[in-house]
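Visitor: sequence and computational prediction follow.
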Amino acid sequence: MRKLLNVLYVTSPEAYLAKDGENVLVLVGEETKLRIPVHNLEGIVCFGYTGASPALMHLCAERNVALSFHSESGRFLARVTGRVSGNVLLRRRQYRIADSPEESLQFAKGFIFGKVYNCRCVLQRFLRVHGDKGAFQDVQDAVKFLSLQLQKVVNCQNIDILRGIEGESARSYYGVFDNLILNEKKVFQFTGRSKRPPLDPTNALLSFLYTLLAHDCFSAFETVGLDPQVGFLHKERPGRPSLALDLMEELRPYLVDRLTLSIINNRQVDAKNFIVKESGGVIMNEEMRKVIIASWQRRKQEEVMHPYLGEKIAIGLIPYAQAMLLARHLRGDLDAYPPFLMK
Amino acid sequence: MMFYADDDLLLLSGIQHFSFCRRQWALIYIEQQWEENLLTFGGRELHERVDDPFFTEARGTVLVTRSLPIVSYKLGLYGMADVVEFHRSEDGVQLKNRPGRWIPYPVEYKYGKPKPDDRDIVQLCAQGICLEEMFQTSISGGDMFYGRIRRRQRVDFDDGLRQRVMELALEMHRLFNEGVSPLPQETIACKSCSLVEICLPHMSKRRSVRRYFDDALRELE
């Protein structure tokens, strides 16, 4: 499996990216804050109004370093891409399958199976560790409910029914998610998922980490030569990375939700770093973003046994491994798409 | 005898990948995947020194030219020969820009050492067949130069080798037209392959995904 290279996250809005020979420079004013050889990088993700020189964009495109720009809150704005690469025949097969509801359903079932399975695992792991401290009857009920939903996913014959199963599962899971938050219950109380804008600090954390995950899923599909915009579960819409969103479904619980919980429960967050705007939307400051990115980076370096491949890989490589397995199934090497099922 | 059209030509250098491993070739030319490793990096370094289309050198009775574009419509292959020598001879052919008669003689440069299989010599022979077709002549052999041992080795283009090159080229065209990469077959050679991380040859022995789902469901009970 490919070695995990680093993704450079640039969070200060006053930073400017430049090129010096084979190096990426991060400049603030006249000062070089960081100098890193381009071959050590897999991606550069910029938040805020960070600029970059055309020479640096050239270097990134040439070396397949995914360079993308996001708003301060993490909303995707633009990325630098090189030539269309990969196997055009494989992409055409992807399009043909996306056009066929029956064939798309098989992929969609894989993503949703992974999502429900992993949500259930997050809850179950919590019960294993904290089950003695209280009854957590709600959480236990949700675990049972999600188990039943998994059977339904397997037997499902229609994409709309599948979306219904997904919706019910998500409601059940998010309905008990607040039980999993053990510290500063007042600040981080979770009353349901809110996105535009996130209405509480926990949702702000989730949204920001989902953005980081989306970037990695997008790059993973580009790496294996698939079109990240053509999905099997999410409907296409110009600008929407549907396939990357498809893959995120199964990866959110393991890669983001658990990390969010441990960041809160290990008291790595400080309520004063979140600002509530007049609309009720919650925004976090740069310091908080740095803490989250550092945790995300550390987590990606950890290793885990891949349940299907049966080999240890860095957690940061999971999106890549899944994109590769998906391409394998598209090509006909595998009899189905095996989602990442956490242990 | 069948001749390929311009649009159907494949890269000649692919024949060495193809003879080494069909899947490796398919990953590079059909899937358009390429992972650089130390070996390919070294190869590129060496070639950067060798490649120079403006280089032609006369050494007495030998004319040396680098980066010569070559093609064979019979094989359906095109590419670039690293080095072609032209040996002055009464039996030779005429060149566009030189007086006298010359016999073309291909020399292929490789970074490593001689291989246990025929992947390098089929490439050299394919170059020879291109030169024969382009200059309407016959060529008895060429030289391999290996960077590791810094020595040239003569290769005769006998009938067996020519036959092998013809078969490989035909098979390359067949697979390319199908557009489907063959499944991996894990061998000892996979250890030295620069595409092993993309190919993942051991995966072909993995269990079925249906059973993977079944196992996951059983664990819930």
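Guide: Good, I have the coordinates.

Visitor: so what's residue 26 up against?
Guide: Just going to use chain A. A:L8, A:V10, A:A15, A:Y16, A:L17, A:T32, A:K33, A:L34, A:R35 (CB atoms under 8 Å, 6 or more residues apart in numbering or on different chains). (Glycine included, C-beta is placed from N, CA and C.)

Visitor: my bad, the chain I had in mind was chain B
Guide: Taking CB under 8 Å, 6+ apart, one finds B:L175, B:S181, B:P182 in contact with B:A26.

Visitor: list the buried residues for the helix or strand containing it?
Guide: Here B:A26, judged by DSSP states H and E, is contained in helix B:22-29. Residues of helix B:22-29 classed as buried: B:R22, B:R23, B:Q24, B:W25, B:A26, B:L27, B:I28, B:Y29 (neighbour count, 16 or more other CB atoms under 10 Å in any protein chain shown).

Visitor: can you add pLDDT and give those back as CSV?
Guide: Output for the buried residues of helix B:22-29, formatted as CSV (pLDDT from 0 to 100):
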residue, pLDDT
B:R22, 93
B:R23, 91
B:Q24, 91
B:W25, 92
B:A26, 90
B:L27, 86
B:I28, 86
B:Y29, 86
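
Visitor: ok, so of those residues, who is nearest B:D82?
Guide: Closest approach to B:D82 among these (CB to CB): B:I28, at 18.9 Å.

Visitor: how about residues contacting stretch A:128-145?
Guide: Stretch A:128-145 is contacted by residues A:120, A:123-124, A:126-127, A:169, A:172-173, A:175-176, A:179-180, A:182 when judged by CB under 8 Å, 6+ apart.

Visitor: what do you get for stretch B:141-155?
Guide: Contacts for stretch B:141-155 (CB under 8 Å, 6+ apart): B:42, B:46, B:83, B:105-114, B:120-121, B:124-125, B:127-128, B:156-157, B:161.

Visitor: same thing with stretch B:99-106?
Guide: If you take CB under 8 Å, 6+ apart as the criterion, stretch B:99-106 is touched by B:63, B:81, B:83-95, B:124, B:127-128, B:131-132, B:135, B:137, B:139, B:141-143.

Visitor: for the stretch 151-300 of chain A, which residues are neighbours of chain B?
Guide: A:Q151, A:V154, A:G225 (CB under 8 Å from any CB of the partner chain).

Visitor: so where's the stretch 51-200 of chain A shaky on pLDDT?
Guide: The model of the stretch 51-200 of chain A has pLDDT under 70 over residues A:83-86, A:132-135.

Visitor: for chain B, same thing?
Guide: B:34-56, B:204-206, B:221.

Visitor: ok and the residue in it nearest chain A?
Guide: For chain B, the residue closest to chain A is B:V209, as judged by CB to the nearest CB, at 3.7 Å.

Visitor: ok, the nearest residue to that residue once chain neighbours are set aside - how many residues close by?
Guide: Leaving aside its sequence neighbours, B:V209 sits nearest to A:A336 (CB to CB, 6 or more residues apart in numbering or on different chains; 3.7 Å). By other CB atoms under 10 Å in any protein chain shown, the residues close to A:A336 number 17.

Visitor: also A:K277?
Guide: Residues near A:K277, counting by other CB under 10 Å: 9.

Visitor: kindly report the same for A:G21.
Guide: 9.

Visitor: and what of A:S68?
Guide: Neighbours of A:S68 (other CB under 10 Å): 19.

Visitor: got a list of what it touches?
Guide: A:S68 touches A:G43, A:I44, A:V45, A:C46, A:F76, A:L77, A:A78, A:R79, A:V80, A:H215, counting by CB under 8 Å, 6+ apart.

Visitor: and the gap between A:I44 and B:I30?
Guide: For A:I44, the distance to B:I30 (CB to CB, to the nearest Å) stands at 31 Å.

Visitor: next secondary structure after the longest strand anywhere in chain B?
Guide: Counting by DSSP state E, the longest strand found in chain B is strand B:77-95. With elements assigned by DSSP H and E, the helix or strand that comes after strand B:77-95 is strand B:98-110.

Visitor: ok, that following strand: who's next to it in the sheet?
Guide: Here strand B:98-110 has these sheet partners by DSSP bridges: strand B:77-95 (antiparallel), strand B:141-146 (parallel).

Visitor: quick one: the nearest residue to B:R88 once chain neighbours are set aside from B:Y105, how far?
Guide: Excluding the flanking residues, the one nearest B:R88 by CB to CB, 6+ apart is B:T61, at 4.1 Å. Going from B:T61 to B:Y105 by CB to CB gives 12 Å.

Visitor: and those two? Which one has more around it.
Guide: B:Y105 (20 against 11).

Visitor: can you name the residues bridging to the more buried one?
Guide: Under the criterion used (DSSP bridges), B:Y105 bridges to B:E85.

Visitor: rewinding a little: return the most buried member of the strands paired with strand B:98-110.
Guide: The highest mean neighbour count among those, using mean count of other CB atoms under 10 Å in any protein chain shown, belongs to strand B:141-146: a mean of 19.

Visitor: can you name the element that comes right after that strand?
Guide: strand B:151-156.

Visitor: out of the contacts of A:S68, who's the most crowded?
Guide: Highest count within the contacts of A:S68 by other CB under 10 Å belongs to A:I44, 26 neighbours.

Visitor: ok, that one touching A:K19?
Guide: No. Between A:I44 and A:K19 there is no contact under CB atoms under 8 Å: 11.6 Å.

Visitor: how about the helices of chain B, start to end?
Guide: B:14-20, B:22-29, B:38-50, B:119-135, B:159-178, B:196-199, B:209-220 (DSSP state H).

Visitor: the strands in chain A, which residues?
Guide: Counting by DSSP E, the strands of chain A are A:6-10, A:15-20, A:23-28, A:31-37, A:41-47, A:51-52, A:66-70, A:76-80, A:274-276, A:282-284, A:303-305, A:312-314.

Visitor: for the last one, which positions count as buried?
Guide: The reference is to strand A:312-314. A:I313, A:A314.

Visitor: count of residues packed around A:E302?
Guide: Count around A:E302 with other CB under 10 Å applied: 9.

Visitor: name the nearest residue to it, sequence neighbours excluded.
Guide: Nearest residue to A:E302, sequence neighbours excluded (CB to CB, 6+ apart): A:I315, at 5.1 Å.

Visitor: residue contacts, that neighbour?
Guide: Contacts of A:I315 by CB under 8 Å, 6+ apart are A:L255, A:R299, A:K300, A:Q301, A:E302, A:E303, A:V304.

Visitor: any of the residues you listed buried? List them.
Guide: In the contacts of A:I315, the ones that pass as buried (16+ other CB under 10 Å) are A:L255, A:R299, A:K300.

Visitor: among those residues, which ones are in helices?
Guide: Per DSSP H, the subset of these in helices is A:R299, A:K300.

Visitor: okay, the buried ones among the contacts of A:I315 in JSON lines with pLDDT next?
Guide: Listed next are those as JSON lines, based on pLDDT from 0 to 100:
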{"residue": "A:L255", "pLDDT": "95"}
{"residue": "A:R299", "pLDDT": "89"}
{"residue": "A:K300", "pLDDT": "87"}
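
Visitor: what is the nearest of the contacts of A:S68 to chain B?
Guide: Closest to chain B, out of all of the contacts of A:S68 and judged by CB to the nearest CB, is A:G43, at 17.2 Å.

Visitor: distance of A:H39 relative to A:N158?
Guide: Counting by CB to CB, the gap from A:H39 to A:N158 is 48 Å.

Visitor: over to A:I112?
Guide: If you go by CB to CB, the gap between A:I112 and A:N158 works out to 13 Å.

Visitor: between those two, which one's more packed in?
Guide: A:I112 (26 against 11).

Visitor: can you give me the neighbour number for the one residue in the stretch 101-250 of chain A that gets nearest to chain B?
Guide: Using CB to the nearest CB, the single residue of the stretch 101-250 of chain A nearest to chain B is A:S147, 4.8 Å away. A:S147 has 16 neighbouring residues, counting by other CB under 10 Å.
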